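Visitor: Task: produce atomic coordinates for the following.
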Amino acid sequence: MANKITIIGAGQVGSSIAYALCLKSIATEIVMIDIDKNRAMGEALDIRQGTPYMSPVNIHDGDYEDAKDSDIVILTSGVARKPGQSRLELAQTNVNITKSIIPQITKVAPNAIYVIVANPVDILTYQFVKTSGIPADHIIGTGTLLDTARLRTKIADVYGIGQPNLHAYVFGEHGDSSFVPWSLVNVASVPVDAYAIHHNRN
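Guide: Next comes the predicted model:
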């Protein structure tokens, strides 16, 4: 079954997502769009030249017209944070970038599921919901998914266990007000406090 995915933004995040999608055999076609057309072309070609060792996927660069009828659109474009800069300080610049993208992509892919990855992700997701005309249940922000992955990795490293056995979550916004509900942290269903006591005894 055909599955077309468009990635807007061919920076490190967008390119990593494209590569992961190819490895997972999730898409039959991947379109990479970036304001820097040469970068989009270069990243797509790099990945494309590795596809003979993967399941077949047509990955290429393109313009918004090439995203027509995409099943999924992943938005990664935006200005990266500078050292010492908060995510919220990026807000207006990246909101303006997102507002310029919305009418171009929603015109050609009105039925797609939209995944917002760019920062500040919560604000940009809200902006997309309010101004795109796309149903809210078709717009997903990655929120604290990355924070949760980092937390699980760190705790698993502390106890020397496999990451899939460690369950923990970061709640709130993807930013300074996020928090960890420690009562939900467990190792294979054992509360982390109890596991820590057992671990320290050994």
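Visitor: quick one: buried residues of the top helix by length along the chain?
Guide: For the chain, the longest helix by residue count, based on DSSP state H, is helix 91-108. Under the neighbour-count criterion of 16 or more other Cβ atoms under 10 Å, helix 91-108 has 91, 94-95, 97-98, 101-102, 105-106, 108 buried. Every C-beta, even on glycine, is put in place using the N, C-alpha and C of the backbone.
Visitor: ditto for stretch 10-23
Guide: 10-11, 13-15, 17-19, 21-22.
Visitor: Give the other helices and strands that the helix or strand bottoming out on mean pLDDT in the chain contacts.
Guide: Scoring the helices and strands of the chain by mean pLDDT, DSSP states H and E places helix 192-201 at the bottom, with a mean of 81. Other elements packing on helix 192-201 under the criterion 3 or more Cβ pairs under 8 Å, 6 or more residues apart in numbering; DSSP states H and E are helix 145-159, strand 186-187.
Visitor: quick one on the thing from earlier: can you list the helices and strands that the longest helix of the chain packs against?
Guide: Secondary-structure packing of helix 91-108 (3+ Cβ pairs under 8 Å, 6+ apart): strand 4-8, strand 72-75, helix 121-131.
Visitor: ok and the last one relative to helix 91-108, angle-wise?
Guide: Relative orientation of helix 121-131 versus helix 91-108 (axes from the mean of the first three to the mean of the last three Cα atoms, to 10 degrees): 50 degrees.
Visitor: Centre of the chain to helix 121-131, how far?
Guide: Relative to its chain's centre, helix 121-131 lies at 14 Å (Cα atoms, centre = their mean, to the nearest Å).
Visitor: Would you give the sheet partners of the helix or strand just after it, along with the direction of each?
Guide: Moving toward the C-terminus from helix 121-131, the next helix or strand (DSSP states H and E) is strand 139-141. Its sheet considered, strand 139-141 pairs with strand 113-116 (parallel) by DSSP bridges.
Visitor: Pull the CA coordinates from the partner strand and hand them back as CSV.
Guide: Output of strand 113-116 as CSV, limited to C-alpha atoms (Å, rounded to 0.1, in the frame of the first residue of the first chain):
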residue,chain,number,x,y,z
ILE,A,113,-1.8,14.0,9.3
TYR,A,114,0.5,16.8,10.4
VAL,A,115,3.4,16.1,12.9
ILE,A,116,5.0,19.2,14.4
